[in-house]
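J.: Pasted the sequence and its predicted model underneath.
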Amino acid sequence: MMLSNTVMNLSSLDLNLFAVLHVVLEERSATRAAKRLHVTQSAVSNAIARLRTVLGDPLVVRSGRGLTPTPRAEQLAPLVAQAIAHLQTAYDRGAAFVAEGSERTFTLALSDNHQTSEAARIAEVFARKLPRASLRLVSNDYLVATDGLARGDVDAAFAPSMMQAPGVRARQVFEEQACMVVRRDHPQVRGKLTPKLFNALPHIDVEVVLGRTGIGHRMAEQHWKAAGLERKVAVRVPYFTTAAMIAARTDCVAGLPGRLAKVLCKTMPVKIVPTTFPLPKMGISLVWHERTDADPGARYFRQLVAEAVGGAR
């Protein structure tokens, strides 16, 4: 039986070279790639040189202090990353996960409101159940800017339940109720917030990801419009906690997630104002990439987070 030329070529090729290329393309530096791979910089350079000969392309060129990929390397990058992810998943499935002995780092992406309202509980449970592992919390800005779920740099994230993306799995962990917050001695807000007062007061708007509005923001805007409400936005900020701090020093009203508002009302001179109209609700899900769906460690971590925030089912 004759083997095809493709199979013959692959059989004579050192596939470890692609593993080196993958790290070099992520780090854009031979020095950082060598450190990550626990080899010398010359070993990385030699591997790239061998792959250049095989593929007939420079693959990366020097640019300042870093390396810039060629068009051929940019085409190869997602294919190589996917292949390595599949190999890693195949390897991980064969290894048992022992929580008490794991020294793995688990990364969770959270917006600032969930960092304030949920992170401490998650860290408490994590320390108890994964005593030798490390917990890393990153912002949603980092998640979006790095495509962290797909790249594997982020294990899971909190996101609106209606969010959908290719290759992303989700599990709703709780429901978030919006609250209206003003300073405790606000001269105009002494009882309930009426539609007339809502429309008259200046509002603080929150743009939570890379200075742009997201799914939750658009859903809230649709809710206000359907209820005949109109916000006069006086200030725009990137964080919910910043909105609360401004509300505490001005006559502005801030719309905050309820779990955050309850925490901040204990530590800041603000209060939650009851309304004569319904406020929006939104499901919050724990999301992860399908590439880690079956990984025992990632599954254990997701279950831990869900239980910590009261969403286990």
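T.: Cool, got the structure. Numbering: from 1, shown residues only.
J.: Send me the strand or helix carrying residue 180 as CSV with only the CA atoms.
T.: Assignment of secondary structure by DSSP states H and E places residue 180 within strand 168-183. The C-alpha coordinates for strand 168-183 follow below in CSV (Å, rounded to 0.1, in the frame of the first residue of the first chain):
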residue,chain,number,x,y,z
VAL,A,168,-18.7,29.3,23.6
ARG,A,169,-20.7,27.3,26.2
ALA,A,170,-22.7,28.8,29.0
ARG,A,171,-24.5,28.0,32.3
GLN,A,172,-26.7,30.6,34.0
VAL,A,173,-25.6,31.0,37.6
PHE,A,174,-27.9,33.8,38.9
GLU,A,175,-30.2,36.6,37.9
GLU,A,176,-29.2,40.3,38.3
GLN,A,177,-31.9,42.9,39.3
ALA,A,178,-31.1,46.5,38.4
CYS,A,179,-31.3,49.1,41.1
MET,A,180,-31.4,52.9,41.1
VAL,A,181,-28.9,54.5,43.4
VAL,A,182,-28.6,58.1,44.7
ARG,A,183,-26.8,59.8,47.5
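J.: List the contacts of the nearest residue to residue 117 once chain neighbours are set aside.
T.: Counting by Cβ to Cβ, 6 or more residues apart in numbering, the nearest residue to residue 117 once its immediate chain neighbours are dropped is residue 259, at 4.1 Å. C-betas here are computed from N, CA, C, even on glycine. Contact partners of residue 259, counting by Cβ atoms under 8 Å, 6 or more residues apart in numbering, are 113-114, 117-118, 174, 176.
J.: check which helix or strand covers residue 259.
T.: Once you assign secondary structure using DSSP H and E, residue 259 falls within helix 258-267.
J.: Can you give me the buried ones in the following helix or strand past that helix?
T.: Elements were assigned by DSSP H and E; along the chain past helix 258-267, the next helix or strand is strand 270-273. Residues of strand 270-273 classed as buried under the neighbour-count rule (16 or more other Cβ atoms under 10 Å) are 270-271, 273.
J.: repeat for stretch 191-199
T.: 193, 197-198.
J.: repeat for stretch 31-45
T.: Of all the residues in stretch 31-45, those buried under the rule 16+ other Cβ under 10 Å are 32-34, 37, 44.
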